[in-house]
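Asker: here is a sequence together with a model predicted from it:
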Amino acid sequence: MSVSSLNQRMLADKLEALAAALRHKRELVDAVGAFVRTAEDDALVRVNPVRFAAEHGFTVDAVLETFLHARKVELFTMEWQ
């Protein structure tokens, strides 16, 4: 198995875990998945949930909840600055 396919499997597993935790927010989970798959490294490292909400048409509360759950399933790490 290549590193790329292994990483894709890990990503898919984490997104499935996120979707299971947030069944009522499937569209938002899909948007996060698309972002993770396509964003440049700098954008991933510095993702701003408030900006993400505005750019993708979701409420800030929904995005914050989703990003916190994404942290729980180890899709993201968080650092406060």
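Answerer: That came in fine, so what should we check first? It should be emphasised that the depicted structure is a prediction, and the values quoted were computed from it without experimental measurement.
Asker: list the buried ones in the helix-or-strand element of the chain with minimal mean pLDDT?
Answerer: Sorting the helices and strands of the chain by mean pLDDT, DSSP states H and E puts helix 3-21 at the bottom, at a mean of 85. For helix 3-21, burial by neighbour count (16 or more other Cβ atoms under 10 Å) applies to Lys14, Leu15, Ala17, Leu18, Ala19. Heads up, the C-betas are built off the backbone N, CA and C, glycines and all.
Asker: got the contact list for His24?
Answerer: His24 makes contact with no residue, according to Cβ atoms under 8 Å, 6 or more residues apart in numbering.
Asker: now it: how far from Glu79?
Answerer: 28 Å (Cβ to Cβ, to the nearest Å).
Asker: where along the protein do the helices fall?
Answerer: 3-21, 26-38, 41-45, 49-56, 60-72 (DSSP state H).
Asker: measure the closest residue to His69 other than its chain neighbours to Arg51 for me?
Answerer: Among residues not flanking His69 along the chain, Ala21 sits closest, at 4.9 Å (Cβ to Cβ, 6 or more residues apart in numbering). Distance of Ala21 to Arg51, given as Cβ to Cβ: 23 Å.
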